[in-house]
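[1] Give me a 3D structure for the following:
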Amino acid sequence: NQSTLTSCKVPPSPRWASGSVSALLLLLLGPGIGAVPSGLWEHQGSSRCVPIPSNMALCQGLGYNSMRMPNLLGHESPAEAVQQSTSWLPLLARECHPHARIFLCSLFAPVCLER
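    All right, here's what the predicted structure looks like:
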């Protein structure tokens, strides 16, 4: 979509490459999501709520402050999630898609709903 490309801080791509950033992120993260063992979320007690670390810049100020561990990428600790999430900050700095940050946080720091 042309409005998305013009708001991006990088030169516009050729018409054939103007797919959604979300689709690209799903493609890139797809293998990581598939690597999560089946049944991980169904088992009671297999996950826990933890505070989103203050040094997790990717997921600050989104309106929630507890995340579920392990996350959807299989990270077992908040420290591991923080370390892995920092590699996405340069992409977000390009501001190519308004929902990229929320999408990434849903993987790295999924909202934790107490049961």
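[2] Going by C-alpha atoms from here, please, whenever you check contacts or count neighbours.
    Will do.
[3] Which residue ranges of the chain form strands?
    48-51, 66-69 (DSSP state E).
[4] so can I have CSV of these showing mean neighbour count and distance to residue 88?
    CSV is the format used below for the strands of the chain (neighbours: other CA atoms under 10 Å; distance: least, CA to CA, whole Å):
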stretch, mean neighbour count, distance to residue 88
strand 48-51, 15, 20
strand 66-69, 22, 18
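[5] To residue 99, which of those lies closest?
    strand 66-69 (18.5 Å; CA to CA).
[6] quick revisit: dump the strands of the chain into CSV; add mean pLDDT as well.
    Formatted as CSV, the strands of the chain follow (pLDDT from 0 to 100):
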stretch, mean pLDDT
strand 48-51, 95
strand 66-69, 96
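[7] Same list, the ones you listed, but as TSV with distance to residue 81 please.
    Converted to TSV, these look like this (distance: least, CA to CA, whole Å):
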stretch	distance to residue 81
strand 48-51	12
strand 66-69	9
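[8] Residue 94 is nearest to which of the ones you listed?
    Ranking the strands of the chain by proximity to residue 94 (CA to CA) places strand 66-69 first, at 25.6 Å.
[9] Any chance you could list what contacts that closest one?
    Contact with strand 66-69 is made by 47-52, 75-78, 109-112, as judged by CA atoms under 8 Å, 6 or more residues apart in numbering.
[10] Single out whichever of these has the smallest pLDDT.
    For those, the weakest pLDDT value sits at residue 47, with 87.
[11] Quickly list what the closest residue to that one other than its chain neighbours is bridged to.
    Nearest non-adjacent residue to residue 47, counting by CA to CA, 6 or more residues apart in numbering: residue 69, 5.4 Å away. Beta-bridge pairing of residue 69 under DSSP bridges involves residue 48.
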